[in-house]
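*Asks:* Pasted the sequence and its predicted model underneath.
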Amino acid sequence: MTLEVAVRYRTRRPWAPAPRTLRSWARLAAGVRHGELGIRIVGSAESRALNARFRGRENATNVLSFPAAPVRGPRRRPLGDIVVCAPLLAREARLQHKPLRAHWAHIVIHGSLHLLGFDHARAADARRMENRERRLLAQLGFADPYGA
């Protein structure tokens, strides 16, 4: 049994990776865990609305992570959902001079790690999370997203 990853597209413009690719990146981040994870690809308006509702911020954001509440019993533990804003990712990749595919991989891995309990609120936690992201992205052949 592996991690089941459900992918839903509310937008495909600008470019968004295929479900198979998104699933592979989320599974890499999760490691050998068994469970369920959802990925929703949205436009700027939906990202802005979700960010306002759940974080009190009136702007679109590249990724939102919604960890699932702990559940006892099922063999496939729900990990939660991530919501990725395709237009914002495209803009960030262009402004940061990063390949779009590499930025997508980074953001899907980043959001998935949040569902596993990683955080970057404190400096030590941020270093731990960023180091994990670097290792995973290197396995995929992508450069360090933090430029170090």
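*Replies:* Received the coordinates, thanks.

*Asks:* Need the residues that contact the least confident helix or strand in the chain by mean pLDDT.
*Replies:* Sorting the helices and strands of the chain by mean pLDDT, DSSP states H and E puts strand 3-9 at the bottom, at a mean of 92. For strand 3-9, contacts defined as Cβ atoms under 8 Å, 6 or more residues apart in numbering pick out 16, 19, 22-23, 26-27, 30, 33-41, 76, 79. The way it works is simple: take the backbone N, C-alpha and C, and place the C-beta from them, glycine included.

*Asks:* Now, of the residues you listed, which are buried?
*Replies:* Using 16 or more other Cβ atoms under 10 Å as the burial test, these include 16, 22-23, 26-27, 30, 35-41, 79 as buried.

*Asks:* quick one: least confident of the residues you listed?
*Replies:* Ranked by pLDDT, the buried ones among the contacts of strand 3-9 bottom out at Gly35, which has 87.

*Asks:* wait, isn't that one in contact with Asp81?
*Replies:* No. Gly35 is beyond contact range of Asp81, at 12.0 Å (criterion: Cβ atoms under 8 Å).
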